[in-house]
Structures are given as structure tokens and as C-alpha cells.
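K.L.:
Here is a sequence together with a model predicted from it:
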Amino acid sequence: MVNTGDTAWVLTSAALVLLMTPGLALFYGGMVRSKSVLNMMMMSFGALALISVLWVIYGYSIAFGDDLGGGLVGDPSQFFGLKGMMADVTTEAGGLPPMAFVAFQCVFAIITVALISGAIADRAKFGTWMLFAGIWATVVYFPIAHWVFDFSAGAHVGGWVANNLLAIDFAGGTAVHINAGAAGLALALVLGKRKGFGREAMRPHNLPLVMIGAGLLWFGWFGFNAGSALAANNTAAVTFMNTIVATAAASLGWLLTEKIRDGHATSLGAASGVVAGLVAITPACSALSPMGSIALGAVAGVLCALAVGLKYKFGYDDSLDVVGVHLVGGLVGTIGVGFLATAAAPAGVDGLFYGGGVDQLWRQAVGAIAIMVVSFVATYVIGIALEKTVGFRIDGEDEVAGIDLAVHAETGYDLHSTAGARSSGNPVLVDSGRTMNERKGTA
Amino acid sequence: MKLVTAVIKPHKWEEVREALETFGVTGMTVSEVSGYGRQKGHTEVYRGAEYDIALVPKIRIEIIVDDADAEDVVGVIVTGAQTGRIGDGKVWVVPVEGVVRVRTGDRDEAAI
């Protein structure tokens, strides 16, 4: 007998988390220039398509199969093609159908890959991005998901961060955000700066899209965090509330930082603060009180608002601040657990500020730093290998003219009717019926 | 005949249009343009990065008028568009050799 309440909540949460990736596409798409909005959104949609398929074939098994040794990687053959996963094996006591958990974890893998794309806006070959996405998920994400999310149970042996280090990462501050942030930094270094970076104005072309995207991310994030309780229970409710209030505090923190430093509270700052807060509370939402969540969110909002300026200081073009928001926010949240955790919260651990000493703090720091370093190094190697073989950057002229037209043969907007009209000849009203080779003139 | 061209601040456009209509101008061509003069551009800040935006949005009005009306139309526009602050824009007048009304084929003064 399945527990119907838990099952309903986890399936709903999976749908919420899936919506985050289109939300991220809007958030990122609005931030780039109008000539590259489609490519930016396509990197997210491409990840949606590819990673779901890989997850079913072997991704789930690498992440949640029996450990092959050292808590580093699951057995890819155990659940290959999700074999044996369709049977209802829930016990009489009530539980979750295995496939509900498979689906819930699938959408985590998708968004983690999609997050990285913000670091390489406007300039990456789409084919190489898709290759990268598949390789990165296989070599980096699936094993790290095993480290963090795969808890040992009965005869099943899981990953080292969850079971040996005992770091608290409720919904993926390390596996998702530090991982994607460090990968974004590595890829930004491999691809190099956009033409005109630091000289030309590369302002967001559509801030309302950014705001809609941030709103959808926040909405979907309730599935991400409260869904990670894997049950419709008290933990889900506590993490839900913490997800609201930490996010709100981070948005305030970002706006205040801007007001003091630049003189204006901006809409992009409000939206960015929302995402920074969501990132920070992700690992911490089960370990903090609502008041602790406010403190964590505020710190994340301020630190991330300051961190997005680092790329100009150090000269790396992390175009949409994957480092400043996800890496820094992930570190704040994961390490913040070590300070702000309270035993009154569902995780039941006291941090440094609640008299728990440094025990939890060092566990958090080791988990965060290990994943940051492994992700950065592995991503850099994958990126360089792709750059040397198939090439990662588009032609410089195409980059200036706009990647949408060069790579996808589309443009995002047709705002002036004259621009798309034909002044002579027959308009194309029906399918020409010609094959691709005929159209290319090679038939 | 003269072509009167004015580049003005967008928020004064409605006032100028009403004044021109009251004066008796029956038609004009209006476009959204951008440019800069002594006003220069402005600064925008995105995630703490300051961008100097060189071009300022303006409204360009083009009106073809009889020689006798040119000076008055310029006056109407200047009165309507003036704020006294930098960036109010420019109005200029150039001679026009010929005009044709496309619908009827009327020429010159009859086409205005």
C-alpha cells in the first residue's frame, strides 16, 4: 500500500521542480541581449530533453545504485533502464512508489546542468553544449548526487557525504548549487570572455522576463526544498516556511546593498536576491528555525550582491553570475548550517551559535569544499577536451551578429512588421515539400 | 514649401501634437529615435555594473508646410516642447522642391 498523501506531494513536487528549468530559461533569457535570448533558453530546454533520457538509461543507477566503493559512485548496471522499478514494492506500513523518487530526483539532475549555462551566455556552440551536458551529468552530477543524496538503508550502501561525513545538505546546496557554480566558473575560464566584455554595454534586454523567471523559480523551489522531505509531513511544512522567509530576507539584503552602494534598488537586484536566498536556504531548510532562516537569507543576499562584482575585478566572464549567485549562495547556505543549525529544527543538530561547537561546521565545510574542487577540476578537464576537439565557441563574427541566427536560424522577436515582410516574390504559404537535400541544393 | 523637423523629449510629444492640431496642422510623420546632444547619455546599473548609455530616446516630428507657415509652426513646437532644461531638443527647417499626394496625384501646395 502506498502512502497516498506522501506520493501525491512528491509527484507534485517533481512537477514543481521541472517547472524551475523553463523558469530558469526565462530568468537567464531576459538577462542576455535580444540577439541571444533563444540560445540562452535553448541551453535549458536542451538539458531538459537530454538529461531526462540519460537519467532513465543509467543516471539514476549511478546516483542511487549500490555503492561500488568508497561512497563515490553507484552501480550503473543495477537499475539500468530503470529495470525492476515499475513493480509496486511499497510495504504495508505505507511508503513511496520507487518511480516517484526516480522522477523527483530526475528533475534535480536537469536543473543542475541547466544552471551552468548562465556562465557561457552568447558564445557556446549548441552541439558542444549538448555534448558537455551529457558528459558532465555522467561524470560529475550523477556521482555527486550519489555522494549527497543516496542514504544507506538496510543492505543498500549510499554515498560518503550523506553517510560518512554526515554533512547536512537537505535539498542540494552542494550537489546542485556549489556543483553548478564551480562548473560555471571552470567553463567561463575555458570559453573566455565575450567579445566586448567590460567595454560594451551588455545589459539585460528584458527585465520583465527575468522577474517572471525568478517568480517561477521561487514557486518551483517549494517542490525542491519541501518536496525533499519525501513526505507530506512536519519537515515539509518547516522547510516550506523557511524557503519563503529566507528568500524574502535575501531579496531585502540584496536591495539594501544596492541602495547603499549604487544609490538605486533595482528590479534585477530584487530578482537576483530571490534566487540567492533560494540557493542559500536549499541545504539549510531542515536545520534552521525561521528566525535563523532570515539571518541566513540576509547574509546570502548581501554577500551575493557583492560577489557578482568579482568577475570584473578578476576578468572572467561568468556572464549571468552563476558563480556570484549559485557558488557563493551555495557556500553561504551549506557552511551557514554549521553556525545556524538548531536542534529544534527537523534535522535535530545544533550549530556553533546554538552551542553545538564546531562539529557540524567542519563537516559542512569539508563537504562544500570537496564538491567545489572536484566539480571545478572535472569540468575544466571536460571543457578543455571539448574545446580542443570539437570546439566550444562559435565564430567571432556570428557572436557579434547574434548567436540565435547563426546557431538556430531564428530570432527571438519580430517587433517591426516591415522587418519580416517580403517586398517582392511569392510569400511562402505552404510547405514546399522539398527534402532537406533539395533545399540545400545538393540533391 | 518647407520641411520642419523637430527632435523633442518624448514626454512633451502629446502637448506639441495638441498645439500643432490647434494651429491647423493636419498631418505629420512621427518616429521614435535616439541620439544625444549636450545632454549626453545617462548611466544604468545592472548587478552593480555601471553602463554609460550614450543614446537618449527622443521623438522626431516631420511636417511639410507652406513657406508662410514655417516660422509659426516652429514657434508652436518650441513653445510646446520647452522645459528649459538640457535635452529639450532641436527644430530645423529645410526647403522642399516638390510634394505629391499619392492618392490623387496632386502636386506641391495642393498636396500639403
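P.N.:
Here it is on my side, so go on.
K.L.:
which bits of the stretch 101-250 of chain A sit near chain B?
P.N.:
A:201, A:203-204 (CB under 8 Å from any CB of the partner chain). In this view, the C-beta of every residue, glycine as well, is placed from N, C-alpha and C.
K.L.:
What's the biggest helix in chain B, counting residues?
P.N.:
helix B:67-81 (DSSP state H).
K.L.:
Show me what that helix is packed up against.
P.N.:
Where contact means 3 or more CB pairs under 8 Å, 6 or more residues apart in numbering or on different chains; DSSP states H and E, helix B:67-81 is packed against strand B:2-8, helix B:13-23, strand B:56-65, strand B:89-95.
K.L.:
Could you list the residues in contact with the first one?
P.N.:
Outside of strand B:2-8, the residues within contact range by CB atoms under 8 Å, 6 or more residues apart in numbering or on different chains are B:16, B:33, B:35, B:58-67, B:70, B:73-74, B:77, B:81, B:88-96.
K.L.:
Can you tell me the strand partners of that strand and which way each runs?
P.N.:
strand B:56-65 (antiparallel), strand B:89-95 (antiparallel) (DSSP bridges).
K.L.:
Comparing those strands, which comes out most buried?
P.N.:
strand B:56-65 (a mean of 19; mean count of other CB atoms under 10 Å in any protein chain shown).
K.L.:
mean confidence for that one?
P.N.:
What strand B:56-65 shows for mean pLDDT is 94.
K.L.:
That one relative to helix B:67-81, how many degrees between them?
P.N.:
150 degrees (axes from the mean of the first three to the mean of the last three CA atoms, to 10 degrees).
K.L.:
Tell me how far strand B:56-65 lies from the chain's centre.
P.N.:
Here the centre of strand B:56-65 is set off from its chain's centre by 2 Å, with CA atoms, centre = their mean, to the nearest Å.
K.L.:
neighbour-wise, which of the residues of the stretch 101-250 of chain A next to chain B leads?
P.N.:
A:Pro204 (22 neighbours; other CB atoms under 10 Å in any protein chain shown).
K.L.:
Skipping adjacent residues, who's closest to it in space?
P.N.:
Counting by CB to CB, 6 or more residues apart in numbering or on different chains, A:Pro204 lies nearest to A:Met31, which is 4.4 Å off, once chain neighbours are set aside.
K.L.:
likewise A:Asn163?
P.N.:
A:Ser152 (4.8 Å).
K.L.:
Make sure that neighbour is actually in contact with A:Asn164.
P.N.:
No: the pair A:Ser152 / A:Asn164 is not scored as a contact, 9.4 Å apart, by CB atoms under 8 Å.
K.L.:
Could I get the contacting residues of A:Tyr58?
P.N.:
A:76, A:80-81, A:138, A:142.
K.L.:
and it, what are its phi and psi?
P.N.:
When read as degrees, to the nearest 10, the backbone of A:Tyr58 gives phi -140, psi -10.
K.L.:
Give me the distance between it and chain B.
P.N.:
38 Å (CB to the nearest CB, to the nearest Å).
K.L.:
give me the residue from chain A nearest chain B.
P.N.:
A:Ala201 (4.1 Å; CB to the nearest CB).
K.L.:
Spit out the contact partners of that residue.
P.N.:
Counting by CB under 8 Å, 6+ apart, A:Ala201 has contacts B:44, B:51-53.
K.L.:
Identify, by residue count, the longest helix of chain A.
P.N.:
helix A:359-389.
K.L.:
What's the first helix or strand after that one?
P.N.:
The first helix or strand that comes after helix A:359-389 along the chain, using DSSP states H and E, is helix A:396-401.
K.L.:
what about A:Met130, how many neighbours?
P.N.:
16.
K.L.:
thinking it is in contact with A:Phe45, fair?
P.N.:
No: contact criterion CB under 8 Å: A:Met130 and A:Phe45 do not qualify, at 10.8 Å.
K.L.:
any idea whether A:Val299 is helix, strand or coil?
P.N.:
helix (DSSP: H, G, I helix; E, B strand; the rest coil).
K.L.:
contacting residues around the residue nearest to it when sequence neighbours are not counted?
P.N.:
Counting by CB to CB, 6+ apart, A:Val332 is the residue found nearest to A:Val299 once chain neighbours are left out, at 6.0 Å. Counting by CB under 8 Å, 6+ apart, A:Val332 touches A:280, A:296, A:299-300, A:303-304.
K.L.:
Direction-wise, compare the host helix or strand of A:Val332 with helix A:359-389 and give the angle.
P.N.:
If you go by DSSP H and E, A:Val332 is part of helix A:328-340. Per the same axes, to 10 degrees, the angle that helix A:328-340 makes with helix A:359-389 is 170 degrees.
K.L.:
For helix A:328-340, list the C-alpha coordinates in PDB.
P.N.:
Below are the C-alpha coordinates for helix A:328-340, written out as PDB (Å, rounded to 0.1, in the frame of the first residue of the first chain):
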ATOM      1  CA  VAL A 328      28.600  31.800  -3.300                       C
ATOM      2  CA  GLY A 329      25.000  31.300  -2.200                       C
ATOM      3  CA  GLY A 330      25.600  27.500  -2.000                       C
ATOM      4  CA  LEU A 331      28.700  28.100   0.200                       C
ATOM      5  CA  VAL A 332      26.800  30.500   2.400                       C
ATOM      6  CA  GLY A 333      23.900  28.100   2.900                       C
ATOM      7  CA  THR A 334      26.000  24.900   3.300                       C
ATOM      8  CA  ILE A 335      28.500  26.400   5.700                       C
ATOM      9  CA  GLY A 336      25.900  28.500   7.400                       C
ATOM     10  CA  VAL A 337      24.200  25.300   8.600                       C
ATOM     11  CA  GLY A 338      27.300  24.800  10.800                       C
ATOM     12  CA  PHE A 339      26.700  28.100  12.500                       C
ATOM     13  CA  LEU A 340      22.900  28.500  12.500                       C
END
